[in-house]
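1. Here's a sequence, model it:
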Amino acid sequence: MAIQKMRINQIFLLNLASVFTILSLLSLSISTVAAPVGVCYGLEASNLPPTSAVVHLLQANGISWIRIFNPDPEALASFSGTGIQLMIGVPNEILPTLANGTVSASLIWLESNIFSLIPPSQVRYLAVGNEVLVNNPSYTQFLVPAILNLYRALHELGLADAIKISSPHAAAVLSESYPPSAGAFDLSLTPVMVPLLKFLSETQSPLMVNVYPFFSYVNNHQYVTLDYALFRSSAVEIDRDLEYRNMFDATIDAFVYAMEREGYPRIPVVVTETGWPTDGGYGAGAGNALDYNRNVVMRTKGNIGTPKRPGVGVEVFLFDLFDENGKTGVEFEKHFGIFGVNGIKAYDISFI
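-> A predicted model of the protein is given here:
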């Protein structure tokens, strides 16, 4: 009888251990903390409010994550001590200097241009370059070496785990994106993309992507419907038994499949820019911008994830805080602002 009781107790303990193991695994894959929603703070305008007023605007609207495209001294000094978390851009034009210099030179650059103005605890990401491979290819050869030197400099400062380094990419780095399972990087870019993915995997850093369903709709409206771009589609597209109802998810998953093809299936994705213009062209408008950005915020804060990675929240930075009248190119490029320069929202969106 004693032996039988012992066996029953052993079985009970084994089953209990199995339950705790399963619960532990589930806790790793399902996060109860909402993925953050940030906003891009572009400075290509002649009528922007002072950065002190911008800080107040952000705090009043519950926005605690910001992306700035270069280490602007005034902006960094204003954000210092506020608790606002930053993604700070390293400008394309500085990449050759960082790539060809020493680790010590990168360390001096970081301390002079960033950490002398804002505490490291407020810096979440360094975004090295922006859309280099597609829109600024002359800097391509410098991208990964610059990233490596900056990483080694952060390591010397004891910040390599706290501050993640990556580089934002345009969707055009994909040679195939439809259906999402066909996602593949442009072969001409793989000599740079593969070493970059290796670095991201080894340092547990994200692939940064700029995702604009607006552009997909405007440039391919015979194939991409407005409702599919705005999360309003009732139609379902099936790809490998996964259901797609919007362009945003399809684009992110195309990147996920592309990374899988190169042997990197577990790198997270951060959307460093996404948004919808309120004016300036076909499909633009405050109503459409509200529908798009509101859905992005809702899905992000709800950790909805994508069909390929359900329940895995995707960090997002909405573009843009204000309209930027200094931007060149197509007129709608100037009209992505969520707020007017007077601080009034262009449409009624909530970040809380």
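2. which residues touch residue 203?
-> 151, 160, 164-165 (C-beta atoms under 8 Å, 6 or more residues apart in numbering). All C-beta atoms are positioned from the backbone trio N, CA, C, and that covers glycine.
3. again, only using 10 Å
-> Counting by C-beta atoms under 10 Å, 6 or more residues apart in numbering, residue 203 touches 147, 151, 154-155, 160-161, 164-166.
4. What segments of the stretch 251-352 of the chain are helices?
-> 286-301 (DSSP state H, counting those that start in this stretch).
5. low-confidence ranges in it?
-> Within the stretch 251-352 of the chain, no range satisfies pLDDT under 70.
6. residue ranges for the strands of it, please.
-> 269-274, 316-318 (DSSP state E, counting those that start in this stretch).
7. okay, those strands, which one's buried deepest?
-> Neighbour counts (mean count of other C-beta atoms under 10 Å) averaged over each of the strands of the stretch 251-352 of the chain peak at strand 316-318, with a mean of 27.
8. for it, packing partners?
-> strand 37-41, strand 65-68, strand 269-274, helix 286-301 (3 or more C-beta pairs under 10 Å, 6 or more residues apart in numbering; DSSP states H and E).
9. rerun that using 6 Å as the cut-off
-> strand 37-41, helix 286-301 (3 or more C-beta pairs under 6 Å, 6 or more residues apart in numbering; DSSP states H and E).
10. what does it contact?
-> 37-40, 67, 271-272, 275, 293, 296, 300 (C-beta atoms under 6 Å, 6 or more residues apart in numbering).
11. got it, and stretch 38-51?
-> Surrounding stretch 38-51, the residues in contact under the criterion C-beta under 6 Å, 6+ apart are 63, 65-68, 74-75, 78, 273, 317-322, 324-327, 341.
12. what's the closest residue to residue 166 other than its chain neighbours in contact with, if anything?
-> Once flanking residues are discounted, residue 166 sits nearest to residue 208: 4.5 Å by C-beta to C-beta, 6 or more residues apart in numbering. By C-beta under 6 Å, 6+ apart, the contact list for residue 208 reads 166, 168, 270, 272.
13. ok, residue 208 to residue 73 distance?
-> Separation of residue 208 from residue 73 (C-beta to C-beta, to the nearest Å): 24 Å.
14. quick one: average pLDDT of the helix or strand containing residue 190?
-> Using DSSP states H and E, residue 190 sits within helix 190-203. Mean pLDDT, helix 190-203: 98.
15. what ranges do the strands span in the stretch 51-200 of the chain?
-> Using DSSP E, counting those that start in this stretch, strands in the stretch 51-200 of the chain cover 65-68, 85-90, 123-128, 164-166, 168-170, 174-176, 184-185.
16. Could you export the ones you listed as CSV, including mean pLDDT?
-> Output for the strands of the stretch 51-200 of the chain, formatted as CSV (pLDDT from 0 to 100):
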stretch, mean pLDDT
strand 65-68, 98
strand 85-90, 98
strand 123-128, 98
strand 164-166, 98
strand 168-170, 98
strand 174-176, 97
strand 184-185, 98
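17. how about TSV for those strands, with mean neighbour count and distance to residue 254 added?
-> What follows is the strands of the stretch 51-200 of the chain, written out as TSV (neighbours: other C-beta atoms under 10 Å; distance: least, C-beta to C-beta, whole Å):
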stretch	mean neighbour count	distance to residue 254
strand 65-68	22	22
strand 85-90	24	23
strand 123-128	24	21
strand 164-166	23	18
strand 168-170	22	12
strand 174-176	17	6
strand 184-185	19	9
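18. circling back: buried ones in the helix holding residue 190, by neighbour count?
-> 190, 192-193, 196-197, 199-201, 203 (16 or more other C-beta atoms under 10 Å).
19. Next: stretch 131-145.
-> So for stretch 131-145, counting by 16+ other C-beta under 10 Å, buried means 131-133, 139-140, 142-145.
20. Ends of it, what's the gap?
-> One end of stretch 131-145 to the other measures 16 Å (C-alpha to C-alpha, to the nearest Å).
21. ok now that stretch, how far from the chain's centre?
-> Distance of stretch 131-145 from its chain centroid, counting by C-alpha atoms, centre = their mean, to the nearest Å, is 18 Å.
22. which other residues reach that stretch?
-> 92, 95-96, 99, 129, 170, 172-173, 189, 192, 195-196.
23. what's the nearest residue to residue 282 once chain neighbours are set aside sitting at in phi/psi?
-> Computed as C-beta to C-beta, 6+ apart, the closest residue to residue 282 that is not its neighbour in sequence is residue 218, at 5.8 Å. Backbone torsions of residue 218, given as degrees, to the nearest 10, read phi -60, psi -40.
24. Residue 241 too?
-> Dihedral angles for residue 241 - degrees, to the nearest 10 - are phi 70, psi 10.
25. burial of the residue nearest to residue 74 when sequence neighbours are not counted, as a residue count?
-> Spatial nearest neighbour of residue 74, excluding adjacent residues (C-beta to C-beta, 6+ apart): residue 51 at 5.5 Å. Using other C-beta atoms under 10 Å, residue 51 is surrounded by 17 other residues.
26. Now do residue 51 against residue 133, distance only.
-> Counting by C-beta to C-beta, the gap from residue 51 to residue 133 is 31 Å.
27. quick one on the thing from earlier: now for the buried residues of stretch 131-145, which pair is the farthest apart?
-> 131 and 145 (18.2 Å; C-beta to C-beta).
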